[in-house]
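In: Quick one, fold the following:
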Amino acid sequence: MSDCSLVPRATADPADARTIYATDGAVIVEGIGPSPLDAQSVVRSLFGASIVALPEPAAVEAGGEKDRSDLGSADPLPLHSDGFAYGDQAGDVLALVCVAAGDTGGQSVLVDGLALYESLDPDLRRFLAEVAVDLSEPGMRPAVATVLLTLADGRRMIRWNPFLRPAPDSADPDADRRFLTRWSDAVEAARISARRFTARVGQAIVVDNFRMLHSRDPFTGSRFMWRVWAWTDEANGVPDGMLHSDSRYAAS
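Out: Have a look, this model is predicted:
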């Protein structure tokens, strides 16, 4: 498997950051303050008038404050795409602003999910692009669609979350389950082999959530980030109702 991981380039200039983001799928923006308003501002500085929705940030320690996860700081976070509680209408921009970096560990991982997809064998690529599966987080917005979703404008959206399973009307659930296991195995192998980088206090990691999968290693000490989900005019629409940068309003 080819190395699809990314160590983002860093800059303090929003215009440079937007260019790097468009090319690489992620960028580190430096010189960011510690408040939730600072976290929103860094997203606004990159995307400006293209932002359709920019909800309040969520506090992230071992995980997000309203995320339904049993993972603690001693556990590696699986490589994933964010916002899966909103199904096909997940935000297309993710920003993580480092306020406290912890004592040891906690390195970040980014993998170009579209590049990883292109590295797979043809049968698995066909399945991910053509066979609808159930991507729904239980109790959240329903999503039955292909893992690789191509939008009307040609933009592609690659997904992984821990709830992937055959669609309720699958013609061959056992075959679908095998393909999903192969996809999950490829994602985990990419996480294990990926290059790591460490977010420093005052840095924001801004990520194309349709393209990149992300993770973090186990850590000790106090690690704190603000997480921002944003929807631009290139997203797959905006979910109805109230929004936050976690799943508190995503219940179906």
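
In: so Met157, which of the three states?
Out: Secondary structure, DSSP: H, G, I helix; E, B strand; the rest coil: Met157 is strand.

In: That one: what's it in contact with?
Out: For Met157, the contacting residues are Asp88, Ala90, Asp92, Leu148, Leu149, Thr150, Leu151, Phe210, Asn236, by C-beta atoms under 8 Å, 6 or more residues apart in numbering. C-beta coordinates here come from the backbone N, C-alpha and C atoms, glycine included.

In: Quick one: buried ones out of these?
Out: Buried members of these, counted by 16 or more other C-beta atoms under 10 Å: Asp88, Ala90, Asp92, Leu148, Leu149, Phe210, Asn236.

In: Just send the contacts of Met157 back as JSON lines, with distance to Pro142 too.
Out: Below are these laid out as JSON lines (distance: C-beta to C-beta, whole Å):
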{"residue": "Asp88", "distance to Pro142": "9"}
{"residue": "Ala90", "distance to Pro142": "13"}
{"residue": "Asp92", "distance to Pro142": "20"}
{"residue": "Leu148", "distance to Pro142": "19"}
{"residue": "Leu149", "distance to Pro142": "14"}
{"residue": "Thr150", "distance to Pro142": "20"}
{"residue": "Leu151", "distance to Pro142": "18"}
{"residue": "Phe210", "distance to Pro142": "19"}
{"residue": "Asn236", "distance to Pro142": "15"}
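
In: Would you mind giving those as TSV with pLDDT added?
Out: Shown next, in TSV, are these (pLDDT from 0 to 100):
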residue	pLDDT
Asp88	97
Ala90	98
Asp92	98
Leu148	98
Leu149	98
Thr150	98
Leu151	97
Phe210	98
Asn236	98
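
In: Just the helices from the stretch 101-250 of the chain, written as ranges.
Out: Ranges of helices in the stretch 101-250 of the chain, per DSSP state H, counting those that start in this stretch, are 113-118, 122-130, 173-193.

In: count of residues packed around Val109?
Out: 24 (other C-beta atoms under 10 Å).

In: and it, what are its bridge partners?
Out: With DSSP bridges applied, Val109 shows beta-bridge pairing to Ser215.

In: ok, now how distant is it from Asp92?
Out: In this view, Val109 and Asp92 are 20 Å apart by C-beta to C-beta, to the nearest Å.

In: Could you do Asp123 as well?
Out: Distance of Asp123 to Asp92, computed by C-beta to C-beta: 29 Å.
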